[in-house]
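*Asks:* Need the 3D shape of this:
(one chain, ligands or ions: 1)
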Amino acid sequence: MNSAQPYTDRTIIVTGGGSGIGQAIAVALGDVGARVVVAGRSEDKLQETVALLVGKGAEALAVPMNVRDPEAVQLMVDRAVERFGRVDGLVNNAAGNFICPGIDLSPNGWGAVVDTVLNGTFYCTRAVTRQMRAQGTGGAVLSVIASYAWHGHPGTVHSAAAKAGVLAMTRTLAVELAPMGIRLNCIAPGPTETEGAGAALWPTEEDRQRVLSSVPAGRFADPAEVADAALFLLDPRTSYLTGDVLTLDGGQWLGKKVYGVPTPG
Ligand code: HXC
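*Replies:* Numbering: from 1, shown residues only. The predicted structure follows:
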């Protein structure tokens, strides 16, 4: 490994890399010299990310697929290896979400989110870590979760349960795979300024203001700052860091307001 340029010649797969946080992470990886594979359902969106990467001189590949399909996941990893010869990292970013009280959630609605977030993360992690084991090179897996994985939140029973499962999976596999030099971590971004999150979680201006008022830092996250944190966790220089979660939410979950306390200053 070249510690001055830790991403040079490393191949990293980003699921859901066609938009939002996934696209920001993919572009940031390209900026530091990684070869990037973006995987997701919409070929048009993936090609948009590839065009951004190629325009900056990075090597990139788009693989249209659905993380809910384990065979398609394996084919995606095979294509990455065929093109770049190896896989060094995976970002499990693909997600689906909508607000719905659990009592009114249909089995299909539950299944769509759990299949994407929990099963999809397992299928991708399994396929990529098997490739890393075959290479004997080690590697890093990063999964995007949310703080409601541990504190819960009304209206998110499918997503919260799935993301809690991803956190448990991360901690379990971190121990199993540490002897192979493969490490797994999570990142938990708070409300982030992306089209997908906005449409699913704060569809109206009133919703948006309510979410904003819940963040002590007083603003949404910029996808680029989430990407910076992702690069920190994927970087071989953090190779002793595994089974952990980095929360990046402007103090939102710790700052839950119950009593009326004046804001200092
Ligand atoms: C109630 C809904 C619904 C909604 C879908 N369903 N949307 N129920 N309210 N808004 C139900 C449907 O009625 C159906 O059940 C079942 O879910 C499947 O619906 P499909 O339309 O077939 O959707 P499908 O494509 O299979 O998957 C749904 C999805 C999808 C997973 C939500 O839209 C998706 O992949 N979206 C990706 C984009 C996205 O959601 N981004 C936001 C991520 S933000 P029935 O019973 O009617 O058949 C995020 C941030 C969290 O995760 C952290 C914040 C801090």
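*Asks:* show me the contacts for A34.
*Replies:* Counting by CB atoms under 8 Å, 6 or more residues apart in numbering, A34 touches Y7, T8, R10, T11, I12, A58, G89. In short, each C-beta sits where N, CA and C put it, glycine included.
*Asks:* And the second one, how far from A39?
*Replies:* Going back to what we said before, that points to T8. According to CB to CB, to the nearest Å, T8 and A39 sit 22 Å apart.
*Asks:* Name the residue in the two with the higher neighbour count.
*Replies:* A39 (30 against 12; other CB atoms under 10 Å).
*Asks:* Report the mean confidence score over stretch 143-161.
*Replies:* Average pLDDT, stretch 143-161: 97.
*Asks:* cool, and stretch 62-77?
*Replies:* Stretch 62-77 comes out at a mean pLDDT of 98.
*Asks:* hmm, that stretch touching the ligand?
*Replies:* No: Stretch 62-77 stays clear of the ligand (CB under 6 Å from any ligand atom), getting no nearer than 8.2 Å.
*Asks:* Pull the residues that contact that stretch.
*Replies:* Here stretch 62-77 makes contact (CB under 8 Å, 6+ apart) with 13, 15-16, 18, 37-43, 46-47, 49-50, 79-80, 87, 94, 115-116, 119-121, 123-124, 127-128, 131.
*Asks:* For G55, the count of nearby residues, please.
*Replies:* Neighbours around G55, by other CB under 10 Å: 11.
*Asks:* That one and the ligand: what is the separation?
*Replies:* Noted for G55: a distance of 25 Å to the ligand, by CB to the nearest ligand atom, to the nearest Å.
*Asks:* thinking again about what came up before, of the contacts of A34, buried ones?
*Replies:* Among these, the ones that count as buried by 16 or more other CB atoms under 10 Å are Y7, R10, T11, I12, A58, G89.
*Asks:* got a list of what the second one touches?
*Replies:* For R10, the contacting residues are G33, A34, R35, D88, G89, taking CB under 8 Å, 6+ apart as the criterion.
*Asks:* Mind doing that once more with 7 Å?
*Replies:* A34, D88, G89 (CB atoms under 7 Å, 6 or more residues apart in numbering).
*Asks:* Equivalent analysis for the first one, please.
*Replies:* For Y7, the residues meeting the contact criterion (CB under 7 Å, 6+ apart) are L29, V32, G33, A34.
*Asks:* how about a cut-off of 6 Å?
*Replies:* Y7 is in contact with V32, G33, A34, counting by CB atoms under 6 Å, 6 or more residues apart in numbering.
*Asks:* The third one now?
*Replies:* T11 makes contact with R35, F84, R86, V87, D88 under the criterion CB under 6 Å, 6+ apart.
*Asks:* let's see 7 Å
*Replies:* R35, V37, A80, F84, R86, V87, D88.
*Asks:* One more: the fifth one?
*Replies:* Contact partners of A58, counting by CB under 7 Å, 6+ apart, are G30, V36.
*Asks:* That one belongs to a strand, doesn't it?
*Replies:* No: A58 sits outside any strand when classified using DSSP: H, G, I helix; E, B strand; the rest coil, being coil.
*Asks:* I'd like the numbering to begin with 33 instead of 1 from here.
*Replies:* In the new count, where the first residue is 33, that last one comes out as A90.
*Asks:* Where does pLDDT dip in this structure?
*Replies:* 33-36 (pLDDT under 70).
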